[in-house]
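Enquirer: Dropping a prediction and its sequence here:
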Amino acid sequence: MSNTDNISVTILVKNAEDTIRECLEALRPFGEIVIVDNESTDGTAGIIRDFAASHGHVKMLRSPFIGFGPLKRMAVDAASNDWILSIDADEILQESAVKEINSMELDERTVAALARMNFYDGVWVKGCGWYPDYVWRLFNRRHTGFNDNMVHEAVEVRPDSRKVWFKKALKHYAATDISTMLAKMNRYTSYSAREKWENGRRVTLPGALLRGWHTFNIDYFFRGGIRYGYRGFFIALSNASGTFYRYLKLYELQKMNARK
């Protein structure tokens, strides 16, 4: 029996009809797939049902948005296996990573980080901090699990965790065009600002500006965004705008609550 037979893959989806089929097909070797659908309104659910008819071990739950961390914990709780591989609906697990998973020695303390190959407009962008972009995704739920963060959720790596890294493990369709990138940025910055407010973070207006300017300089010049033409410029600018608007929205929350 291979390692993948004893691993449950967990996936969050929302309106992912463009990528979910390819995502699922790459996961056929795994013993179970648990999907939490965040109220999709496109053809995502139908694609999942078609795949489930041929796979046989697919669980599908539906939930409103309660935060990325809580949603991922919900998926883990619904899994039959203790070994969990968390995948996003716009990520494609590479065949080489499946082979590495099956060849590795698993013990309860193993936590694996998967390197993402981030694509923008069909181009693999290695600058702007987009590669190797390691994310902790494979773990045993008896040892650890996801935190409760609304955004920037992550598997908690413990001091005694046995850490493993896989290179070129995930193909990630980060964005197809400017519109999708901006829509994602707007949504995530709102969640992040609210989370920072609830955690007691505060900011000044000059502080928000400086954080955005610093992010652009780092990503465009020092992390090689300049090598990718307009794509690199836009990604660096988008990252900087995301940083700026995240803190500007936090600043706005401060002003609104000060009036109450």
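Expert: Noted; the coordinates are in hand.
Enquirer: for this structure, what spans make up the strands?
Expert: For the chain, the strands defined by DSSP state E occupy 7-13, 32-37, 58-62, 83-88, 91-93, 110-120, 123-124, 134-140, 162-175.
Enquirer: In a markdown table: these, plus mean pLDDT and distance to residue 210.
Expert: To be clear about C-beta, it is placed using only N, CA and C from the backbone, and glycine gets the same treatment. Output for those, formatted as a markdown table (pLDDT from 0 to 100; distance: least, C-beta to C-beta, whole Å):
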| stretch | mean pLDDT | distance to residue 210 |
| --- | --- | --- |
| strand 7-13 | 98 | 33 |
| strand 32-37 | 98 | 38 |
| strand 58-62 | 97 | 42 |
| strand 83-88 | 98 | 31 |
| strand 91-93 | 98 | 33 |
| strand 110-120 | 98 | 26 |
| strand 123-124 | 96 | 30 |
| strand 134-140 | 98 | 27 |
| strand 162-175 | 97 | 26 |
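Enquirer: Dihedrals phi and psi, the residue lying closest to residue 5 once chain neighbours are set aside?
Expert: Of all residues not flanking residue 5 in the chain, residue 31 sits nearest, at 4.5 Å (C-beta to C-beta, 6 or more residues apart in numbering). With angles defined as degrees, to the nearest 10, residue 31 sits at phi -70, psi -30.
Enquirer: Show the model's pLDDT score for residue 31.
Expert: Looking at residue 31, its pLDDT reads 95.
Enquirer: What helices and strands are in contact with the helix ranked longest in the chain?
Expert: Using DSSP state H, we find that the single longest helix of the chain is helix 229-258. Counting contacts by 3 or more C-beta pairs under 8 Å, 6 or more residues apart in numbering; DSSP states H and E, helix 229-258 packs against helix 178-198, helix 205-217.
Enquirer: Check which residues of that helix are buried.
Expert: 231-251, 253 (16 or more other C-beta atoms under 10 Å).
Enquirer: For the residue nearest to residue 5, grab the count of nearby residues.
Expert: 18 (other C-beta atoms under 10 Å).
Enquirer: Over to residue 5?
Expert: Other residues close to residue 5 by other C-beta under 10 Å number 13.
Enquirer: What of residue 99?
Expert: 13.
Enquirer: Residue 23 versus that one, what's the distance?
Expert: Separation of residue 99 from residue 23 (C-beta to C-beta, to the nearest Å): 18 Å.
Enquirer: Let me see the contact set for the most centrally placed residue in the chain.
Expert: For the chain, residue 88 is the residue whose C-alpha lies nearest the centre (C-alpha atoms, centre = their mean; 5.7 Å). For residue 88, the contact set (C-beta atoms under 8 Å, 6 or more residues apart in numbering) comprises 11, 12, 172.
Enquirer: which residues sit in contact with the first one?
Expert: Taking C-beta under 8 Å, 6+ apart as the contact definition, residue 11 lies against 23, 33, 34, 35, 36, 75, 86, 87, 88, 89.
Enquirer: let's see it at 7 Å
Expert: Applying C-beta atoms under 7 Å, 6 or more residues apart in numbering, one finds that residue 11 lies in contact with 33, 35, 87, 89.
Enquirer: List just the nearest of the contacts of residue 88 to residue 64.
Expert: Proximity of the contacts of residue 88 to residue 64 (C-beta to C-beta) peaks at residue 12, which lies at 12.4 Å.
Enquirer: number of nearby residues for that closest one?
Expert: 21.
Enquirer: Quick check: it touching residue 36?
Expert: Yes: with contact defined as C-beta atoms under 7 Å, residue 12 reaches residue 36; the gap is 5.3 Å.
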